[in-house]
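In: give the three-dimensional model of this entry:
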Amino acid sequence: MSDPARDDLHQPVLPGRGASDYERYLRTDELLSLQKSPEEQVHRDELLFQTVHQSSELWLKLATTECDEAAARLERSEVPPALRLLRRAVLCLQYVTTQIEMLNQMDPWEYQQIRVVLGHGSGFDSPGFRQVPRVTQRLAKAFDRLLAQAGLDLIELYQRGREFEELYLLAELLTEWDERIWLWRFRHYAIVARALGEDTVGTQGTPVQVLGKLIAQRQLPKLWRVRSRLVELFDAERANGVA
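Out: Predicted coordinates:
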């Protein structure tokens, strides 16, 4: 026998399209219509290709949104909530890096059929890719200001990290964020090279080899250079019998 009260809980109450509130809240009708239909596809792997790239844009949107909010918190000297937001952003980049492995499941020959319908589309035009450097530099400026307020430079922060635990944790999270950007770009380059070869020119006239050269770039170079300086200082102190 039907229970009217229980049946009512299965009826959508939110506005919008979809047979359930789950579908209406997540806008699944719109979301699942954003990929080409089978009739539009030149190859069935277009669904794989679009799924990977569209979901990457969602994760990058979340990552850069969290970084923007983290930077705003740092600009107000609110370090603990910024740390939590940065941990989320780092996880987002991990997910982006992991899911692009799916592209290695595409046959290099069959991928050529997809490549010719991309027009001038390029990863350089990714909205998420373009936002990453912007939010990273905002974070860097906020971090530098906090260091200055504490009367520290990077070397002193690492040498006296126990005295400035929150700033130390922030420096390490920013380093991890930059590392995750590097790993993501490296995996992207490797996947492109595996699909197209390293001697191929991309859709916008950029040789695949150029991607390889970009990998070495750091968004936050000071956080990497300080490590070399710490080695030099430690070795110098050890040589002088201080360490």
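
In: any idea which residue sits dead centre in the chain?
Out: residue 93 (3.3 Å; Cα atoms, centre = their mean).

In: just the element for that residue, please.
Out: Secondary structure assignment for residue 93, by DSSP states H and E: helix 79-99.

In: contacts for whichever helix or strand comes after that helix?
Out: As assigned by DSSP H and E, the chain's next helix or strand after helix 79-99 is helix 108-115. Outside helix 108-115, the residues that touch it by Cβ atoms under 8 Å, 6 or more residues apart in numbering are 42-43, 45-46, 49, 106, 194-196, 203. C-betas here are computed from N, CA, C, even on glycine.

In: cool, stretch 229-243 as well?
Out: For stretch 229-243, the external contacting residues (Cβ under 8 Å, 6+ apart) are 155, 158-159.

In: can you do 7 Å?
Out: With contact meaning Cβ atoms under 7 Å, 6 or more residues apart in numbering, stretch 229-243 is reached by 155, 158.

In: got the buried residues for it?
Out: Within stretch 229-243, no residue counts as buried by 16 or more other Cβ atoms under 10 Å.

In: using CSV, write out every CA atom in that stretch.
Out: The C-alpha trace of stretch 229-243 is given here as CSV (Å, rounded to 0.1, in the frame of the first residue of the first chain):
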residue,chain,number,x,y,z
ARG,A,229,70.7,28.1,-0.3
LEU,A,230,69.9,26.1,2.8
VAL,A,231,72.2,23.3,1.6
GLU,A,232,75.0,25.8,1.1
LEU,A,233,74.5,27.4,4.5
PHE,A,234,74.3,24.0,6.3
ASP,A,235,77.5,22.8,4.6
ALA,A,236,79.3,26.0,5.4
GLU,A,237,78.3,25.8,9.0
ARG,A,238,79.3,22.1,9.1
ALA,A,239,82.7,23.0,7.6
ASN,A,240,83.2,25.6,10.3
GLY,A,241,82.2,23.2,13.0
VAL,A,242,78.9,25.0,13.8
ALA,A,243,76.3,22.4,12.8
